[in-house]
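# build the 3D model from these lines:
(chains A and B)
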Amino acid sequence: MSTTTARTAGRGVQSVTGLPPVPDLGEGEGNPRCMWDWDVCPETPTKKIVWRGNNGTENYAETLCARHYAVELSRFTEVHSVSCSGTVASHILALGDM
Amino acid sequence: MTVNETVRIGQGQRLQEQIRHNLRMYWDDAWDVPLPYNTELTVERFMLGADARAETVSVEIRGSTRGATERYVLHLASGMEQVTCHGPEGPVDFVHPLTMRQWGPAATLPLWFDWLARRDAQNAHDWVCTEEHWESEDIEAQLYRVEQGIVSFDATATHTANFRTAEQFTEWLQQAAGPSTARLKALALTDAQAFAAGAELRLYCTRLSDQDPEAPGELVSRPLDITLGELRQKPLGVRSLGVGVGDWAGFSLVMDGPAVEQFHGDDMVPLSRVQQAFGSGEPQYPWWGVTVAGVDSVLLVPARKAVVTLRYDRDGADVWFSAQSDDEHLNKAWAEEMWSRRWGRELDHTVQLSQQEVQAAVQSAEQQLAELHYQQEEQRNDDATSTGGRQ
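Predicted coordinates:
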């Protein structure tokens, strides 16, 4: 998977995960601010991460400013994946520009 | 320059070299460890003491108010492996920063170096927190928080080996709960027989909700794998409760004033059935029980092999208590610590990043995620090839 592919949301993800395209979740609508909640971020979101729902929960789009998008992705790679048996593809359906 | 001065400078350089090459930390293979974010401590700041045999080394780090400093003296009389530390308030006990276990007065020199670097960074961070209007505790700041809908939250963790008595554990729970009205209490397991008999080999998923007084609780029972013999043995961790329990156990609360409005706990036992198994003081068996006033449930927590965390939010209205096996906790805490060191600048909301820096961060994060994905896909393909035709 190239970085360019990873940035592509929607149909581009098909080649990344081998999964069907993600339905439009309307991410960002009604959500004018970056969803980072460790502290208050007033930035407008420009990126999204679509997390796959598990145990019956729905897929969930997290819309973030570019800075917190990078932080959130790195946290998944460097922290979460260390103790989770799931894979990138089993967690993330799409990512990149909104 | 006198011969003595030359010798001392030579020893100082050699010591700094040794420290630099000994920055091996919590694990033997962890050589390439980034320093804590925002620390200004470097090996070069360590000053050789007056003792020409280099048995003491002193260092100054930033204090908890702007402009202040803290001076520490490290004593190397027993070599680099058994270093003790003297700070502004006297001898310092080493607390492992990841397991929170109290080691006592001695630790290796690299561990002290890292401890000091963390403290330097934390002190500098504290300046910012106290200088940010809404984080202080004066009336004006509290009113400002109410107006803005800003609530307090915190998380505190420690190792269960740090407690000798149930009273010490309870005191920690109450301090860690901060402004919360939840009254958590630790009990010492003093009668394993009574526990086994009372629990009737059942663990319960328990729930309490004031919203439905007709059905205040729900008990879903499942077998308690732990045997009387195992209760008497040293637990390996939270997983010693049974195969199905895993390395984590805990409960959550929602408070309404002083009353518990909602409660959810897994793998607990109704306290009323096992009350006589617990007492105060030191446990006779290596387990604590943790319970909450107003809730008839108790969680067994390994006395020497767990890290416990108490977290609250919404000014203490929401409370979570958890216990995790200490080895499992260490793996996660190590990953978390290294991540926060590498990404400290991006995480620091007081730092304005340039467009280029943000772009570089995005590229780096996407790249490493892509690499992980690629590795996992390769692994999946390898596994498929190796089992090909035999599925």
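
# domains of chain B?
B:3-131, B:156-337 (automatic domain parsing).

# quick check: which ranges of the chain have low pLDDT?
Using chain A here. For chain A, residues meeting the criterion pLDDT under 70 lie at A:1-31.

# my question was about chain B
B:1-32, B:49-54, B:129-137, B:205-225, B:242-245, B:388-391.

# close to chain A: what parts of it are there?
Neighbours of chain A within chain B, by CB under 8 Å from any CB of the partner chain: B:328, B:331-332, B:335-336, B:338-339, B:342-343, B:346-347, B:349, B:353, B:358-359, B:361-370, B:372-374, B:376-377, B:380. For the C-beta atoms, the positions are set from N, CA and C on the backbone; glycine is no exception.

# let's see which of the residues you listed end up in helices.
B:328, B:331-332, B:335-336, B:338-339, B:342, B:346-347, B:358-359, B:361-370, B:372-374, B:376-377, B:380 (DSSP state H).

# pull out the buried members of the residues you listed.
B:328, B:332, B:335-336, B:338-339, B:346-347, B:358, B:361-362, B:364-366, B:368-370, B:372-373, B:376-377 (16 or more other CB atoms under 10 Å in any protein chain shown).

# number of residues surrounding B:Ala199?
By other CB atoms under 10 Å in any protein chain shown, the residues close to B:Ala199 number 21.

# please report how far it lies from chain A.
Distance, B:Ala199 to chain A, by CB to the nearest CB, to the nearest Å: 28 Å.

# picking up where we left off before, among the domains of chain B, which is nearest A:Leu93?
When these are compared by CB to CB, domain B:156-337 sits nearest A:Leu93, at 23.7 Å.

# show me the contacts for B:Leu41.
Listed by CB atoms under 8 Å, 6 or more residues apart in numbering or on different chains, the contact set of B:Leu41 reads B:Leu35, B:Val59, B:Ile61, B:Phe113, B:Leu116, B:Ala117, B:Asp120.

# likewise for B:Ala277?
Contacts of B:Ala277 (CB under 8 Å, 6+ apart): B:Leu189, B:Thr190, B:Asp191, B:Ala192, B:Gln193, B:Ala194, B:Phe195, B:Gly198, B:Gly289.

# correct me, but the first one touches B:Pro283?
Spelled out, that is B:Leu189. Yes - with contact defined as CB atoms under 8 Å, B:Leu189 counts as touching B:Pro283 (4.8 Å).

# show me the common contact partners of the two, please.
Between them, B:Leu189 and B:Pro283 share the contacting residues B:Ala303, judged by CB under 8 Å, 6+ apart.

# what's the burial count for A:Pro42?
8.

# name the helix or strand for it, please.
Using DSSP states H and E, A:Pro42 is not contained in any helix or strand.

# which element follows the helix ranked longest in chain A toward the C-terminus?
In chain A, with assignment by DSSP H, the single longest helix is helix A:66-75. Counting by DSSP H and E, the next helix or strand C-terminal to helix A:66-75 is helix A:81-83.

# quick check: buried residues in that following helix?
Here helix A:81-83 shows A:Ser81 as buried, counting by 16+ other CB under 10 Å.

# next, the buried residues of the longest helix of chain A.
A:Ala66, A:Arg67, A:His68, A:Tyr69, A:Ala70, A:Val71, A:Glu72, A:Leu73, A:Ser74, A:Arg75.

# nearest residue to the second one other than its sequence neighbours?
Closest residue to A:Arg67 in three dimensions, ignoring its sequence neighbours and counting by CB to CB, 6 or more residues apart in numbering or on different chains: B:Val358, at 5.0 Å.

# in contact with that neighbour, which residues?
Residues counted as contacts of B:Val358 (CB under 8 Å, 6+ apart) are A:Ala66, A:Arg67, A:Ala70.

# doesn't B:Glu357 make contact with the last one?
No - taking contact to mean CB under 8 Å, the distance of 9.8 Å between A:Ala70 and B:Glu357 leaves them out of contact.

# residues contacting the nearest residue to B:Thr156 once chain neighbours are set aside?
Nearest non-adjacent residue to B:Thr156, counting by CB to CB, 6+ apart: B:Ala176, 3.9 Å away. For B:Ala176, the contact set (CB under 8 Å, 6+ apart) comprises B:Asp154, B:Thr156, B:Thr158, B:Leu310.

# please report how far the second one lies from chain A.
Same thing as B:Thr156. From B:Thr156 to chain A the distance is 17 Å (CB to the nearest CB).

# ok, the first one next?
Using CB to the nearest CB, one obtains 13 Å as the distance from B:Asp154 to chain A.

# ok, B:Gly281 next?
As for B:Gly281, its distance to chain A is 36 Å (criterion: CB to the nearest CB).

# which residue is the nearest non-sequential neighbour of that residue?
Nearest in space to B:Gly281, with sequence neighbours left out and distances taken as CB to CB, 6+ apart, is B:Thr165 at 5.2 Å.

# what's the one you found sitting at in phi/psi?
When read as degrees, to the nearest 10, the backbone of B:Thr165 gives phi -120, psi 160.

# strands along chain A, start to end?
A:47-51, A:60-64, A:92-97 (DSSP state E).

# out of those, which gets nearest to B:Val128?
Among the strands of chain A, strand A:60-64 sits nearest to B:Val128 (CB to CB), with 23.1 Å.

# on contacts alone, who are the packing partners of that closest one?
strand A:47-51 (3 or more CB pairs under 8 Å, 6 or more residues apart in numbering or on different chains; DSSP states H and E).

# strands paired with the strand it packs on, and their directions?
strand A:60-64 (antiparallel), strand A:92-97 (antiparallel) (DSSP bridges).

# what angle do it and helix A:66-75 make?
30 degrees (axes from the mean of the first three to the mean of the last three CA atoms, to 10 degrees).

# quick one: residues in contact with strand A:47-51.
Contacts of strand A:47-51 (CB under 8 Å, 6+ apart): A:9, A:22, A:25, A:27-28, A:59-66, A:69, A:72-73, A:91-98, B:362.

# which positions within the helix or strand containing B:Arg145 qualify as buried?
B:Arg145 belongs to helix B:139-148 when elements are defined using DSSP H and E. Buried residues in helix B:139-148, defined by neighbour count with 16+ other CB under 10 Å: B:Arg145.

# next SSE after that helix?
Using DSSP H and E, the helix or strand that directly follows helix B:139-148 along the chain is strand B:154-159.

# B:Lys234 belongs to a strand?
No - remark: B:Lys234 does not belong to a strand; assigned using DSSP: H, G, I helix; E, B strand; the rest coil, it is coil.

# would you confirm that it contacts B:Pro286?
Yes - using CB under 8 Å, B:Lys234 is in contact with B:Pro286, at 5.3 Å.

# pull the contacting residues for residue 71.
Defaulting to chain A. Neighbouring residues of A:Val71 by CB under 8 Å, 6+ apart: A:Trp36, B:Trp343, B:Glu346, B:Leu347, B:Ala361, B:Ala365.

# my bad, the chain I had in mind was chain B
Counting by CB under 8 Å, 6+ apart, B:Arg71 touches B:Ser58, B:Val59, B:Glu60, B:Gly87, B:Pro88.

# mind doing that once more with 7 Å?
By CB atoms under 7 Å, 6 or more residues apart in numbering or on different chains, the contact list for B:Arg71 reads B:Ser58, B:Glu60, B:Pro88.

# cool, B:Pro91 as well?
B:Thr84, B:Pro105.

# I appreciate the help and will end here.
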